[in-house]
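> The following comprises the amino acid sequence and a computationally predicted model.
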Amino acid sequence: TEVMNIRRATNNDSNEIISLITSIYNEYGEIMYTEGADRDLLDIHENYHAKGGDFIVMVNEIDEIIGSHATLPINTKDGVLTFRRLYLKKNYRGEGAGKKLMDWAVKWSIENQFKRVEFWSDVRFKRAHEFFESYGFVKSGEIREMNDGALPYSEFFFYMMLL
């Protein structure tokens, strides 16, 4: 099996992270939109680290970014945070890499005293949704329509209690 290491992302990783996510968007006919929905990727430090969250990348043995995941507090007082930017290169899916990324985020959340994770996920990401539910997330049935992307899109709501 390949070596897959996790490390904290920096702003120097932005372009490579954008390329990774663009390649995944292309599978679904979606368009990278750094003027709107994807603006957070232009400044990882400001949009994640400075807001009390974290952003990691998974790299292979040649230090190529093959995956990403991020945590971001929503309501620190109530212990609620969101997960964002869970992406994995196509040929690494189904081999435990996604679980490793999710395990990192859950461990980080518990260590930082968060009680509940809530996030939205594009309705087209069916395989990811099966993974989320097998991991223990609840799909609420709620759907929201979004217009901050290059094209309109819809998202499902997921949540999980941590503590």
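Looks like it came in fine. Residues are numbered from 1 along each chain as shown.
> Low-confidence stretches in this protein?
1-2 (pLDDT under 70).
> Please enumerate the helices of it.
Ranges of helices within the chain are 14-27, 44-47, 97-111, 126-135, based on DSSP state H.
> now for the third one, which elements pack on it?
Okay, so that is helix 97-111. strand 5-8, strand 54-59, strand 65-75, strand 80-88, strand 116-122, helix 126-135 (3 or more CB pairs under 8 Å, 6 or more residues apart in numbering; DSSP states H and E). In short, each C-beta sits where N, CA and C put it, glycine included.
> got the ones you listed as JSON lines, with distance to residue 47 and mean neighbour count columns?
As requested, these are exported to JSON lines (distance: least, CB to CB, whole Å; neighbours: other CB atoms under 10 Å):
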{"stretch": "strand 5-8", "distance to residue 47": "14", "mean neighbour count": "13"}
{"stretch": "strand 54-59", "distance to residue 47": "8", "mean neighbour count": "22"}
{"stretch": "strand 65-75", "distance to residue 47": "8", "mean neighbour count": "20"}
{"stretch": "strand 80-88", "distance to residue 47": "9", "mean neighbour count": "22"}
{"stretch": "strand 116-122", "distance to residue 47": "15", "mean neighbour count": "18"}
{"stretch": "helix 126-135", "distance to residue 47": "22", "mean neighbour count": "14"}
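> Any chance of TSV for the helices of the chain, columns distance to residue 90?
Putting the helices of the chain into TSV (distance: least, CB to CB, whole Å) gives the following:
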stretch	distance to residue 90
helix 14-27	7
helix 44-47	23
helix 97-111	11
helix 126-135	10
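> out of those helices, which comes closest to residue 6?
Of all the helices of the chain, it is helix 97-111 that lies closest to residue 6, at 5.8 Å by CB to CB.
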